[in-house]
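Undergrad: I would like the atomic coordinates for the input below:
(one chain, ligands or ions: 2)
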Amino acid sequence: MQTPDDLTSVEEALHAMIEIVATHAVVPVQQTVPLLEARGRVLASSVHSAIDVPPFDNSAVDGYALRSADSRLASLTVVGRIAAGDPAPDEPLEAGTAIRLFTGAPLPPGADCVVMQEDVDLDGSDLVPARVKSGTLLPGSNVRPKAQDIASGNTVLEAGQLLQPRHLGLLASIGQHSVPVFERLKVGLLSTGDELVEPGWPLQPGQIYNSNRYLLTSWLQSIGCNVIDYGIIADTPEASISCLERASREADLVISTGGMSVGEEDHIKAAVEQLGELGFWKIRMKPGKPLAFGLLGKHRKIPFLGIPGNPGAAFVSSLVFARPLISWLQGRGVSESSPDRRLQMLRPRAERLPAAFTRDKPSIRRDFLRARIENGRIAPFDNQSSGMLMSACWAEGLAVVPEYDSVAEGQLLDFYRLGSFDDS
Ligand code: AMP
Ligand code: MG
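TA: Ligands and ions are numbered 1, 2, ... in the order given. Take a look at the predicted model:
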């Protein structure tokens, strides 16, 4: 719903965007990849363990395995030695005996605890449990029981999980050498603007460097996307239409920067309307008001996100809008059917932290301040201009001042750490 001033709230726009892609966008294709190629990919089906981890009771320390019932005896004969990688002996440990063993070595049958080597006295080659220095030995002391981490049959990861190094370690621990994931999302990227020049070329009067292309390409790659880079698009209706049309055939998602306002040199909005349909295009947020979402193509519908040209605004709106959209298209929301919970799981979780500043005059737009945490309080960068990237590089996260709100010093605000957008 558009308000009289024609702005759409962030919440409404996010909900609408996810609803539209959930209804229209193509479901990502599955593939199986080797474990070491799976970082940053999204798990396509849940994984269950076929084994117990650890697969056997084993020692947590270097020491001696014994029966806890023998721990008050004056002397135990050390009858053997088990290193990590050795199989457990077939014969149960007899009463009155102990076995030398090392971290990760299997516990011999009959033994139910391990005493650390630092905690025992030896009398010749015999162990003297009565002189154990670390108190009583109980059944299970210093033993890592079979299946302590994972029992055979357990679900270890759910479909939709973004795979980070720790998840790959977990999959390796259950012996999985390949993993079902969704194909990488192909994102077509357009930088619009006749004033743009690539770094490496001299600037002519009136020109600026194309920073969004580098900000966005590298960010998209870092969150697991393949980027199809269409370079700089001239500010003409023809160039805008022809590139968007091509991108809608080649990519799974099209992102453009700039050209979204209604100036005479802004042609993206009209081009999207011609090639498909536009969902919303002015957001009650700062920076990032001129932002558009739509679908390109009449049959195969490809989501389109038009983000502002100003680099500071491009940075914020890519985190606030492109991130949840990409997460959904990557298959992150597959396990969730409720629209509200779906959006919740696609967005990072905010911390609530006190403001170190005041703001008397409320804004009608939701403000995403590039900010740092200083002494536990939110300190925004001095200049929040949407054209600036220094603020983004200085910041540790985005602090949110709700629309229509003033801010008193100490008031709690939502704070999203930048890293939380990588994982969300
Ligand atoms: P626009 O949304 O096209 O009106 O652009 C808004 C502002 O952002 C203008 O000052 C543009 O010069 C600037 N801008 C647009 N695209 C880029 C880009 N790729 N890199 C750096 N600045 C840009
Ligand atoms: Mg422009």
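Undergrad: what's the local residue count around Ile174?
TA: 20 (other CB atoms under 10 Å). In short, each C-beta sits where N, CA and C put it, glycine included.
Undergrad: OK, contacts around it?
TA: Applying CB atoms under 8 Å, 6 or more residues apart in numbering, we find Ile174 in contact with Val47, Ser49, Ala50, Ile51, Val53, Ile150, Val156.
Undergrad: quick one: which of those residues has the most company?
TA: Ser49 (22 neighbours).
Undergrad: tell me who's in contact with it.
TA: Ile150, Ala151, Ser152, Gly153, Asn154, Val156, Ile174.
Undergrad: turn the contacts of Ile174 into TSV, including distance to ligand 1, secondary structure and pLDDT.
TA: Below are these laid out as TSV (distance: CB to the nearest ligand atom, whole Å; DSSP: H, G, I helix; E, B strand; the rest coil; pLDDT from 0 to 100):
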residue	distance to ligand 1	secondary structure	pLDDT
Val47	40	strand	98
Ser49	47	coil	98
Ala50	50	coil	98
Ile51	51	coil	98
Val53	49	strand	98
Ile150	47	strand	98
Val156	42	strand	98
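Undergrad: what parts of the chain come near ligand 1?
TA: 191-193, 195-196, 208, 210-213, 257-261, 308-311 (CB under 6 Å from any ligand atom).
Undergrad: what's the closest non-adjacent residue to the residue in the chain that ligand 1 sits nearest to?
TA: Nearest residue of the chain to ligand 1, counting by CB to the nearest ligand atom: Gly309, 2.5 Å away. Spatial nearest neighbour of Gly309, chain neighbours left out: Gly258 (2.8 Å); criterion: CB to CB, 6 or more residues apart in numbering.
Undergrad: shaky segments in the protein?
TA: Along the chain, the model assigns pLDDT under 70 to residues 1-4, 134, 424.
Undergrad: residues from it in reach of ligand 2?
TA: Gly193, Gly258, Gly259, Gly309 (CB under 5 Å from the ion).
Undergrad: which among the residues you listed count as buried?
TA: Among these, those classed as buried by 16 or more other CB atoms under 10 Å are Gly193, Gly258, Gly259, Gly309.
Undergrad: out of those, who's nearest Ile232?
TA: Of all those, Gly193 has the smallest distance to Ile232: 6.9 Å, by CB to CB.
Undergrad: what's the neighbour count on the residue lying closest to Asn310 once chain neighbours are set aside?
TA: Sequence neighbours aside, Ser386 is the residue nearest to Asn310 in space, at 4.1 Å (criterion: CB to CB, 6+ apart). Per other CB under 10 Å, the neighbour tally for Ser386 reads 20.
Undergrad: cool, Gly104 as well?
TA: 17.
Undergrad: so it sits against Asp57, correct?
TA: No - Gly104 lies out of contact with Asp57 (CB atoms under 8 Å); the separation is 11.3 Å.
Undergrad: returning to that earlier point: so which of the residues of the chain next to ligand 1 belong to strands?
TA: Judged by DSSP state E, the subset of the residues of the chain next to ligand 1 located in strands is Ser191, Thr192, Leu196, Ile208, Thr257.
Undergrad: got those residues as a markdown table, with neighbour count columns?
TA: Converted to a markdown table, these look like this (neighbours: other CB atoms under 10 Å):
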| residue | neighbour count |
| --- | --- |
| Ser191 | 25 |
| Thr192 | 27 |
| Leu196 | 22 |
| Ile208 | 12 |
| Thr257 | 30 |
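Undergrad: could you dump those into CSV and include distance to Arg249?
TA: Converted to CSV, those look like this (distance: CB to CB, whole Å):
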residue, distance to Arg249
Ser191, 19
Thr192, 19
Leu196, 24
Ile208, 30
Thr257, 20
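Undergrad: so Ala399 is in contact with Leu369, correct?
TA: Yes - contact criterion CB under 8 Å: Ala399 and Leu369 qualify, at 4.5 Å.
Undergrad: shared neighbours, these two?
TA: Ile378, Pro380.
Undergrad: contacts only, for the residue nearest to Leu137 when sequence neighbours are not counted.
TA: Nearest residue to Leu137, sequence neighbours excluded (CB to CB, 6+ apart): Ser71, at 4.1 Å. Counting by CB under 8 Å, 6+ apart, Ser71 makes contact with Cys113, Val115, Pro129, Ala130, Val132, Thr136, Leu137.
Undergrad: out of these, which end up buried?
TA: In the contacts of Ser71, the ones that pass as buried (16+ other CB under 10 Å) are Cys113, Val115, Pro129, Val132, Leu137.
Undergrad: kindly reformat those residues as CSV containing secondary structure and distance to Asn226.
TA: Converted to CSV, the buried ones among the contacts of Ser71 look like this (DSSP: H, G, I helix; E, B strand; the rest coil; distance: CB to CB, whole Å):
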residue, secondary structure, distance to Asn226
Cys113, strand, 54
Val115, strand, 55
Pro129, helix, 62
Val132, coil, 60
Leu137, coil, 57
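Undergrad: now, which of the residues you listed sits nearest ligand 2?
TA: Cys113 (72.2 Å; CB to the ion).
Undergrad: distance of the residue nearest to Leu137 from ligand 2?
TA: 78 Å (CB to the ion, to the nearest Å).
Undergrad: cool, and Trp394?
TA: Taking CB to the ion, one finds Trp394 at 26 Å from ligand 2.
Undergrad: I figured that residue hits Leu369, correct?
TA: No - Trp394 lies out of contact with Leu369 (CB under 8 Å); the separation is 11.5 Å.
Undergrad: and the two? Which one has more around it.
TA: Leu369 (25 against 14).
Undergrad: tell me the contacts of that one?
TA: Ile378, Pro380, Phe381, Gln384, Leu398, Ala399, Val400, Val401.
Undergrad: mind putting those residues into JSON lines with secondary structure and neighbour count?
TA: Below are the contacts of Leu369 laid out as JSON lines (DSSP: H, G, I helix; E, B strand; the rest coil; neighbours: other CB atoms under 10 Å):
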{"residue": "Ile378", "secondary structure": "strand", "neighbour count": "26"}
{"residue": "Pro380", "secondary structure": "strand", "neighbour count": "22"}
{"residue": "Phe381", "secondary structure": "coil", "neighbour count": "18"}
{"residue": "Gln384", "secondary structure": "coil", "neighbour count": "17"}
{"residue": "Leu398", "secondary structure": "strand", "neighbour count": "25"}
{"residue": "Ala399", "secondary structure": "strand", "neighbour count": "27"}
{"residue": "Val400", "secondary structure": "strand", "neighbour count": "21"}
{"residue": "Val401", "secondary structure": "strand", "neighbour count": "24"}
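Undergrad: just flag the most distant two among the contacts of Ser71.
TA: Across the contacts of Ser71, the two lying at the largest distance from each other (CB to CB) are Cys113 and Ala130, at 14.8 Å.
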